[in-house]
Structures are given as structure tokens and as C-alpha cells.
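Chemist: A structural model of the following input is requested.
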Amino acid sequence: MSSQNKNGMVINAPGAKATPTNGQTTKKLVLKPLKLKPKLPANFEEDTWAKLQAAVKAVHNKQPVATSLEELYRAVEDMCRHQMQDRLYNRLQAECDAHIGQQMSALQSQTQMAPSAFLERVSATWDDYCSQMLLIRSIFLYLDRTYVMSLPGLRSLFDTGLVSLRKHLAEHSNVESHIMRGLLDLVDRERQGDAVDRQLLAGLVRMLGDLGLYSTTFSPKLLDETAAFYKAEGLRLMESTDVPHYLIHCESRIQQEQERCLHYLDPSSRRPLLHEVEQQLLAAHVKQILDKGFKSLMSGHRVQDLGRLYSLLGRVGGTDALREEWKRYIVTTGTAIVKDEANDKELVERFLDLKTQLDEILSISFQSAPTFSDQLTSAFQVAVNSRSNKPAELVAKFIDAKLRGSKGVNEGELEATLDKALVVFGYIQGKDVFEAFYKKDLAKRLLLGRSASMDAEKLMISKLKTGCGGNFTANIEGMFRYVQQGRAWLGWRCRAWWLAASIAETATGGCSTTGVQVGLICCST
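Modeler: Prediction:
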């Protein structure tokens with residue numbers, strides 16, 4: 001096989017004969033392998049490392065790098081391709097370690113500075129370290145991506161620097177302790193109301209996180225000081241502040257700690273920090289808060305404050321204690337109304353007013369919690385039945401007064417009032433007493449024509465039937481049947497007799513003789 005060059009010479013492969021072209025004799029060109037492989041200069045590794053070391057030192061000293069980054073990258077690649085990567089890695093690690101040691105020694109000499117100034121110096125050192133390591137990594141990127149990644153367990157260049165920095169911090173324990181103390185002091189100052197540099201705090205917290213010191217060293221100290229701070233504050237404020245303002249303060253403190261975790265503390269601290277705030281400000285004072293302020297909040301109808309109390313105590317498992325205090329208040333207040341004999345005429349109205357207020361608190365403050373609703377019902381039953389028979393009589397008289405008619409009251413208002421009265425009636429255990437008084441009052445309304453509306457009477461009976469069953473209203477419904485029959489076929493005197501007899505018969509449990517006697521008396525008059 002042969003080919004012709006531009007001079008007309010034919011180049012044959014080794015072993016082939018020359019072939020003349022254009023009548024001319026051609027020369028044979030034979031390619032042979034080199035007898036010796038090319039060798040690296042004897043000082044290649046040292047010279048190349050010297051160039052790379054000079055670049056690393058320039059980066060550490062914040063000076064311009066004399067050699068282009070591309071040339072430095074090629075130099076690293078050449079060393080790796082010639083199996084020098086392990087020694088290059090170790091040399092670079094040693095160079096960076098020495099620089100970090102110098103920086104820690106410099107910080108050691110500055111620990112006498114004011115805490116804020118010292119933290120600023122630490123922050124500047126950390127920022128320099130991060131930017132320098134990023135630049136150095138870009139130079140040694142080939143080493144990082146080929147040699148480091150190919151060996152399991154070998155740290156990347158940046159991580160190697162972090163390990164070195166953590167080691168030197170441990171060796172310079174005074175520097176580490178000053179960093180921790182300075183950060184804790186800044187957090188404490190902010191809790192006391194001072195303005196602090198949150199950006200500085202955020203940067204240093206990230207540094208501790210990258211070094212693996214946040215969760216192991218800083219966080220436990222932070223939680224201990226948080227607990228001590230809020231324990232002292234809780235004890236102080238419980239003695240000097242009323243409950244509504246104390247609850248507002250607790251709510252504010254919880255919000256502040258959430259903001260700290262959002263702006264500069266690590267998110268892992270959020271739940272532990274809030275737990276310490278809740279335990280020291282709320283859980284430790286649940287009984288004192290309820291004893292000192294619950295009654296005044298209830299009597300003052302402080303719906304918003306009660307809602308805040310419900311929300312805060314729910315965070316620390318104080319709902320059960322709040323629920324018991326809720327029931328105790330209702331029993332005490334309701335019993336006082338029931339046993340106030342001097343104001344019996346106002347008992348039902350006062351009880352309904354109390355029920356309205358408590359329903360609003362239950363709905364708004366306690367979010368209609370079923371357990372609180374059950375306690376409300378139970379407490380009202382205890383209160384209403386704390387005085388035998390009288391509440392049943394007064395509820396019957398209250399309904400009687402409403403069914404006799406009131407000026408300016410429409411049917412909707414009347415029905416709403418009856419519904420409220422029936423709620424109180426539902427708490428009464430001796431419903432037979434109520435039934436007796438209700439029948440008596442109903443008989444008077446029908447005999448004397450004092451009922452405001454027969455429709456209202458029927459509506460009331462329908463409600464009683466729904467609530468108590470047909471047996472409870474059977475006799476009452478009989479009264480209306482007799483009235484309707486009497487009006488249909490008797491004259492006015494006989495109608496009066498028939499009405500009186502029917503009502504008397506019903507009221508006496510079906511005794512027709514008594515009913516006739518009453519009817520005759522009515523007719524004779």
C-alpha cells in the first residue's frame with residue numbers, strides 16, 4: 001500500500017517496494033518507533049509543586065496569583081497523569097493545615113478583644129477561609145474529581161480543610177470557648193431587648209454547623225441557658241404581672257424564638273427551644289395561672305384572653321386542668337344563681353344570660369371543643385339541681401309568662417326565648433315537678449283566655465314532645481282536644497262547663513267525676 005505526496009514522492013509502508021511515477025525514481029521513507037521513551041525532567045515534580053505551592057500561598061495571603069489558573073490546572077493534571085496524585089494531595093493538605101494553624105494562633109492572641117469585635121474577627125477569618133478554599137479547589141479540581149473521588153473514605157479538599165480547622169479549634173480551646181460564649185451572649189442580649197447583628201450570628205452559626213460543632217457543642221449550651229433565662233423570667237413575671245399580660249408575654253416569647261430559628265439559628269433548634277420556653281413559662285405555672293386569673297377572665301368575659309389561654313395551655317398538656325377549672329367555675333356561678341332566693345323571679349333570665357356568655361366562650365375561645373361542651377352540660381346539671389324542685393317551678397312560670405304574651409315580641413323572638421328556656425329545662429332532673437306546674441299554668445291560660453297564641457301553645461307542646469317523648473305530653477295534648485270539641489258543639493255556658501271539666505279531668509289524671517264537678521261550678525257562675 002502506498003500514497004503520493006505533493007512532490008510526487010510515493011511513501012510506502014515498511015517492506016513495500018518503491019513505485020516510480022511520471023517516469024521518475026522515488027525515494028523510500030520508512031517510519032520506525034523510538035528506541036527510548038521520553039522521560040520527565042528529573043526535577044519535574046518539585047518544580048511543578050513549587051509553582052502550585054506559590055499559587056496556594058498567594059491565595060492564602062490574599063495576593064495576586066502569578067501563574068494563570070489554566071496553567072495551574074494543567075500542572076495538576078500532569079502530576080496526576082504521572083501517578084503523583086497521592087503526594088500532591090498530602091502536600092496540599094499539609095500546606096492548608098499550616099495556614100489554618102497560623103490563623104488559629106492569630107485568633108488566640110485576640111481573645112482579649114470585646115466579644116462582638118472578636119466574633120467579627122472570627123467571621124472574617126471564616127469568610128476568607130471559605131473563599132480561599134473554593135479558589136484552591138478550582139485549581140486542584142482535577143485532583144479532587146479523579147483521585148479523591150476514586151478512593152472511598154478519602155475526604156474532598158474542602159472537607160479536609162474543615163477537619164483541619166476543627167482540629168485546630170480543639171487545640172486552641174480558648175478560641176472555641178470565646179466563640180461559644182460570644183454567640184450565647186448575643187442571643188441573651190437580644191432576648192433582653194438589645195439590637196444585635198443577626199447577619200453576623202447567622203454566618204457564625206453556619207460555620208459551627210459546617211464544622212460539626214453546632215449540635216455537639218453549641219446547641220446543648222444554648223438550651224441550658226435558654227431554660228435558665230426563661231425560668232427566672234417566669235418566676236419574676238408571675239409575681240409582678242397579671243394573667244392577661246403574662247399570657248401575651250408568653251405568646252410573644254414563643255414568636256421571638258421562632259423568628260430566631262428563622263433568621264440565624266439552625267432549624268434543628270426550633271422544637272427544643274420552643275419546648276424550653278413552654279416548659280419554663282407555661283408548664284411550670286399552669287396551676288398558678290389558673291388560680292390567679294381564670295375566674296377574673298371568665299367574669300370579665302375576656303373572650304380573646306381565654307382563647308389565648310386555651311391555645312397556650314394546649315401546647316404543654318394543660319388542657320385537662322383548664323377543663324376542670326371551667327367546670328368548677330360554671331358549677332360555682334350557676335349554683336350561686338340558683339340558690340339566690342331573694343332573686344327567684346330573675347333566676348331563669350340570669351341563668352340564660354350565663355348560658356349565652358358561656359356558649360360564646362365555648363365557641364370562640366375554646367373552639368367548640370367537645371370535651372369542654374360536655375363539661376358545660378355536666379356543670380349546668382349540677383348547678384340547676386342544687387336546689388330541689390324550685391328551678392323546675394320557676395322555669396314553668398317563666399314559660400307561662402312568655403306564652404301569656406308580651407308587647408313588641410314577634411313569633412320568632414318568642415320561639416327563640418322558648419328554646420332557651422327548654423335548654424334549662426333539659427338540665428332539670430325532676431321533670432315531673434315541671435310537668436305539674438306547666439299543666440296548672442296551661443289550664444289557667446286556657447280557662448281564662450290569657451294565652452297569647454294557640455299556635456305558640458301548640459309549638460311549645462311540640463317542643464316538649466320532641467324533647468321528652470309522647471308520654472310526657474299526652475295529658476297536655478288532651479286538653480287541646482277537649483277545648484276544640486267543646487267549642488264545636490256547645491253553647492257558651494256549656495262550653496265553659498265542658499272546658500272546665502276537660503281540664504280538671506286531665507289535671508286529676510282522668511277522674512271524670514272531678515271534671516264534671518268543676519264544669520258544673522263554672523256553668524253555675
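Chemist: Just read off the phi/psi values of the closest residue to residue 389 other than its chain neighbours.
Modeler: Distances taken as CB to CB, 6 or more residues apart in numbering place residue 433 nearest to residue 389, at 4.9 Å, with adjacent residues excluded. In short, each C-beta sits where N, CA and C put it, glycine included. Backbone geometry at residue 433, expressed as degrees, to the nearest 10, gives phi -70, psi -40.
Chemist: which residues touch residue 433?
Modeler: Counting by CB atoms under 8 Å, 6 or more residues apart in numbering, residue 433 touches 389, 392, 393.
Chemist: so of these, which ones are in helices?
Modeler: Those of those mapping onto helices are 392, 393, per DSSP state H.
Chemist: low-scoring stretches of this structure, by residue?
Modeler: Across the chain, the ranges flagged by pLDDT under 70 are 1-25, 34-38, 406-409, 479-525.
Chemist: try it again with 80
Modeler: Residue ranges of the chain with pLDDT under 80: 1-40, 153, 405-411, 430, 443, 446-455, 457, 466-525.
Chemist: one step back: what's the closest of the contacts of residue 433 to residue 56?
Modeler: Of all the contacts of residue 433, residue 392 has the smallest distance to residue 56: 96.5 Å, by CB to CB.
Chemist: who touches that closest one in this structure?
Modeler: 425, 428, 430, 431, 433, 434, 437.
Chemist: And for residue 473?
Modeler: Per CB under 8 Å, 6+ apart, neighbours of residue 473: 461, 464, 465.
Chemist: Could you give the number of residues near the second one?
Modeler: What it means is residue 464. Per other CB atoms under 10 Å, the neighbour tally for residue 464 reads 22.
Chemist: hang on, it packs against residue 476?
Modeler: Yes: counting by CB atoms under 8 Å, residue 464 does reach residue 476; the two are 7.4 Å apart.
Chemist: which one is residue 126 nearest to, not counting chain neighbours?
Modeler: Ranked by CB to CB, 6+ apart and with sequence neighbours excluded, the top spatial neighbour of residue 126 is residue 207, at 4.7 Å.
Chemist: measure the one you found to residue 213 for me?
Modeler: Applying CB to CB, to the nearest Å, the value for residue 207 to residue 213 is 8 Å.
Chemist: Of those two, which one has the most company?
Modeler: Each of residue 207 and residue 213 has its neighbours counted (other CB under 10 Å); residue 207 has more, 21 against 18.
Chemist: dump the residue contacts of the more buried one.
Modeler: 122, 123, 126.
Chemist: If I follow the layout properly, the last one ends up in contact with residue 203?
Modeler: The reference is to residue 126. Yes: look at residue 126 against residue 203 with CB under 8 Å: they come within range, at 7.0 Å.
Chemist: before we move on, the earlier item: top of the contacts of residue 207 by neighbour count?
Modeler: Neighbour max across the contacts of residue 207 (other CB under 10 Å) = residue 122, 22 neighbours.
Chemist: isn't that residue right up against residue 107?
Modeler: Yes: with contact defined as CB under 8 Å, residue 122 counts as touching residue 107 (6.4 Å).
Chemist: what's the spacing between the most centrally placed residue in the chain and residue 168?
Modeler: By CA atoms, centre = their mean, the chain has its centre lying nearest to residue 315, at 8.7 Å. Going from residue 315 to residue 168 by CB to CB gives 43 Å.
Chemist: cool, and residue 468?
Modeler: Residue 468 sits 85 Å away from residue 168, going by CB to CB.
Chemist: Compare the two and say which is more crowded by neighbours.
Modeler: Taking neighbours as other CB under 10 Å, residue 468 and residue 168 compare with residue 168 leading, 20 against 16.
Chemist: so where does the closest residue to the more buried one other than its chain neighbours fall, helix or strand?
Modeler: Once flanking residues are discounted, residue 168 sits nearest to residue 104: 4.2 Å by CB to CB, 6+ apart. Element membership for residue 104 (DSSP states H and E) is helix 85-108.
Chemist: quick one: the helices in the stretch 251-400 of the chain?
Modeler: 270-281, 286-299, 303-314, 319-338, 347-360, 370-384, 390-404 (DSSP state H, counting those that start in this stretch).
Chemist: now the stretch 101-250 of the chain
Modeler: In the stretch 101-250 of the chain, the helices defined using DSSP H, counting those that start in this stretch lie at 115-139, 141-143, 149-150, 157-171, 173-191, 198-210, 219-240, 243-263.
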